[in-house]
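Chemist: Return atomic coordinates for the entry below.
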Amino acid sequence: MELLALLLAALFIWGVFIYNALVRDRNRVLAAWSDISVQLKRRHDLLPKLVDAVKQYAAYEQATLSAVTELRTRSEQVTTIAEKGRLETALAAGMHKLLLLAEAYPELKANQSFLALQRDITAVEDHLQYARRYYNGAVRNLNTRIDSFPDLLLARLFRYTPHEYFALEADAERHAPELR
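Modeler: Take a look at the predicted model:
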């Protein structure tokens, strides 16, 4: 009888430990996604300033300016991580294209507010890269726990599902352009 009570107590303690680990990992994923959302918001807030700065010097780049603005709007409306990743990849490429336009416009390249904006955007991209890396690591840990025995028993019981990675869509975004 004592052996059965010890076995049940050990099973209960194991269950509590596993459940708490699942909750901890899920909360890390949610917090990491929140960090990504903050950085995406910062990027989206800088975009109109970048468009305005480039617009003053490069009026014939209207198609690029419109495309980047449209991508920003669409990205704010999507709800799936995969779709947001695809749109944010395209948005980052468009922003980098706008930043590289400064090479063709010496007046823009010398503009102090443009240079400050360029620094801000570079900092946001760096923070976003770190946030994405942390998020994907948290997702990896949670998904591994959900798929690993014996944790999967409680994960299925409490309906834990794997999360999506926030992946890069294009090889071009894997390497940030050199900004001078």
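
Chemist: what number of residues lie near the closest residue to Tyr135 other than its chain neighbours?
Modeler: What sits nearest to Tyr135 in space, not counting adjacent residues and going by C-beta to C-beta, 6 or more residues apart in numbering, is Ala32, at 3.7 Å. From N, CA and C alone the C-beta is placed, and that goes for glycine too. Using other C-beta atoms under 10 Å, Ala32 has 21 other residues around it.

Chemist: next one: Arg74
Modeler: Using other C-beta under 10 Å, Arg74 has 15 neighbouring residues.

Chemist: got a list of what Asp147 touches?
Modeler: Asp147 sits next to Pro162 when contact means C-beta atoms under 8 Å, 6 or more residues apart in numbering.

Chemist: Show the pLDDT at it.
Modeler: Note on Asp147: pLDDT of 94.

Chemist: same deal with Thr69?
Modeler: Reported pLDDT for Thr69: 87.

Chemist: so it touches His44, yeah?
Modeler: No - here Thr69 does not reach His44: they are 10.5 Å apart, not a contact under C-beta atoms under 8 Å.

Chemist: Contact partners for Trp33?
Modeler: Taking C-beta under 8 Å, 6+ apart as the test, what Trp33 contacts is Ile81, Tyr135, Phe166.

Chemist: same question, Leu154
Modeler: Going by C-beta under 8 Å, 6+ apart, Leu154 touches Gly15, Ile18, Tyr19, Leu22.

Chemist: pLDDT wise, what is it at?
Modeler: For Leu154, the pLDDT comes out at 92.

Chemist: so which helix or strand takes in it?
Modeler: According to DSSP states H and E, Leu154 maps onto helix 151-157.

Chemist: What are the buried residues along that helix?
Modeler: Using 16 or more other C-beta atoms under 10 Å as the test for burial, helix 151-157 gives Asp151, Leu154, Ala155.

Chemist: what do you get for stretch 129-143?
Modeler: If you call a residue buried by 16+ other C-beta under 10 Å, then stretch 129-143 has these buried ones: Ala131, Arg132, Tyr134, Tyr135, Asn136, Ala138, Val139, Leu142, Asn143.

Chemist: Out of these, which sit inside helices?
Modeler: Among these, DSSP state H puts Ala131, Arg132, Tyr134, Tyr135, Asn136, Ala138, Val139, Leu142, Asn143 in helices.
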